[in-house]
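Visitor: kindly return the folded structure for what I paste below:
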Amino acid sequence: MSALLTDLYELTMAAGYFETGKKEERATFELSVRRLPKDRNFIVVAGLPQAVDYLLNLKFEAGEIDYLRGLPQFRNASPEFFDYLRGFRFTGDLFAVPEGTPLFTGEPILTIRAPIIEAQIPETYLLSSVTFQSLVATKAARMVEVSGGRDVVEFGTRRAHTPEAGVLGARAAFVGGCAGTSNTLAGYRFGIPVVGTAAHSWVMSFSSETESFRRMQKLMGKQSVHLVDTYDTLEGTRKAIELGQPFWGIRLDSGDFLSLSKQARAMLDAAGLQQAKIMVSGDLDEYRIRELVKDGAPIDAFGVGTELATSGDAPSMGAIYKMVEIENNSGTQPLKRFTAKRSADKASVPGAKQIFRFEDHDLLALSGECAGGAKALQQPVILGGKLIQPLPGVRQARERAATMLAELPADVRSLERNDSFPVHQSAALAALVKQIGKS
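Guide: Here you go, the predicted model:
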């Protein structure tokens, strides 16, 4: 895992910490969300396994160190700094909420406590990995919430911002509640169910629509999903019906989904194919899904691409990675200092924190505090540079998300923005914030 996958200023600060004798100071950083994305009442945390993999395998290769040595920004760095980079590893601690946990503004997704250089360099990677996957997982959760129990399938790799973003986006969508993905590599890597049979090009490659369906059915059997809208949706449905079983059902990719799904359902039922299902895909988002469900569209599954893989209406999030404590143990008396920004609109909250979840609110407290009757959400993951136990798998993360989202009030899970789930500060944290504000 290349340590160069970061912003340059992380490395110039690393050099500065080294040259000024600060490299043994231990810093605590928290990754949290300053502002929720558009129309979001929560985020579903995703991306922790990638963050852990990064920290456990972080190092500089010889060629990368030579590259840094040649940059003008490091002209005055000592040879000892580059020697330090050769043996660089993450030896610190990671605390995090489990994947699939819904969180709110200002709550730390993860906490890093490590020698300051080791804590500083991961900022860029951690923000990128956790922010992107949490956005997609949250988008998926919103779609599943309004789907009325129907499957939502992730179809978005071709619209993702990179192929690898498509793989990780598929994983995040599954954490958020999607039933499966069209991305075969995501299925292979993570054990996610994969979905898909053929595109319009398959139909057009044959001289007749019926022949394309017949050949597909011969190959795929009961897994066949006939794409019926290449030429005329209802005529395509009729041809699929004439072939009869076995097939899973049909897919509509264009047109008026409400009207067409009702007509297709009536045709299937009249032919005794009540078990055949209807999937729709094409320009779907959570609002269109909600509308179709509300209007009684007889749709069994929704395939969602662009809007899901890119979190289309909210493709970015105000996630931050801020130092909250720093400790110097070089003297006879260890010195801990709480740190916070006081910039306008960008103030941060000092002190390492724990999140306690009650039925109707969260309590943000200092890390050493307790709160009876509440769940403590942050847990140790890496201690002393070592993973303390295997991480839960993607299916466990998906189950956690479903369980914890169901425990939230209905208005918090709604698509409309509200602030109905408050996050309070403990008395001790509030006192620290006040104290730091005066210093």
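
Visitor: now residue 32: which helix or strand?
Guide: In this structure, residue 32 sits in strand 26-35 according to DSSP states H and E.

Visitor: in that strand, what counts as buried?
Guide: Neighbour-count burial for strand 26-35 flags 26-33 (criterion: 16 or more other C-beta atoms under 10 Å). All C-beta atoms are positioned from the backbone trio N, CA, C, and that covers glycine.

Visitor: strands of the stretch 51-200 of the chain, start to end?
Guide: 93-96, 102-103, 108-115, 151-154, 180-181 (DSSP state E, counting those that start in this stretch).

Visitor: make a markdown table from those and add mean pLDDT to it.
Guide: Shown next, in a markdown table, are the strands of the stretch 51-200 of the chain (pLDDT from 0 to 100):
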| stretch | mean pLDDT |
| --- | --- |
| strand 93-96 | 98 |
| strand 102-103 | 98 |
| strand 108-115 | 98 |
| strand 151-154 | 98 |
| strand 180-181 | 98 |
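
Visitor: any idea which of the ones you listed gets closest to residue 66?
Guide: Each of the strands of the stretch 51-200 of the chain has some distance to residue 66 by C-beta to C-beta; the shortest is strand 108-115, at 23.9 Å.

Visitor: need the contact partners of the closest one.
Guide: Contacts to strand 108-115, defined as C-beta atoms under 8 Å, 6 or more residues apart in numbering, come from residues 23-33, 45, 48, 51, 90-97, 103, 119, 122, 126, 130, 134, 319, 325, 352-353, 355, 367, 378, 381.

Visitor: contacting residues around residue 358?
Guide: Here residue 358 is in contact with 373-374 (criterion: C-beta under 8 Å, 6+ apart).

Visitor: what does the strand holding residue 32 contact?
Guide: Contact with strand 26-35 is made by 43, 92, 103-116, 119-120, 123, 126-127, 130, 317-327, 329, 346, 352-353, as judged by C-beta under 8 Å, 6+ apart.

Visitor: report the buried members of the residues you listed.
Guide: The neighbour count (16+ other C-beta under 10 Å) marks 43, 92, 103-116, 119-120, 123, 126-127, 130, 317, 319-326, 352-353 as buried among these.

Visitor: so what's the residue count around residue 283?
Guide: For residue 283, the neighbour count with other C-beta atoms under 10 Å is 12.

Visitor: tell me where the stretch 201-350 of the chain has strands.
Guide: 225-227, 249-252, 277-281, 301-304, 318-328, 335-338.

Visitor: so which elements touch the third one?
Guide: Using 3 or more C-beta pairs under 8 Å, 6 or more residues apart in numbering; DSSP states H and E as the contact definition, the elements that strand 277-281 packs against are strand 249-252, helix 257-270, strand 301-304.

Visitor: report the angle between the longest one and strand 277-281.
Guide: Interaxial angle of helix 257-270 relative to strand 277-281 (axes from the mean of the first three to the mean of the last three C-alpha atoms, to 10 degrees): 160 degrees.

Visitor: any idea how far helix 257-270 is from the chain center?
Guide: On the basis of C-alpha atoms, centre = their mean, to the nearest Å, helix 257-270 sits 35 Å off its chain's mean C-alpha point.
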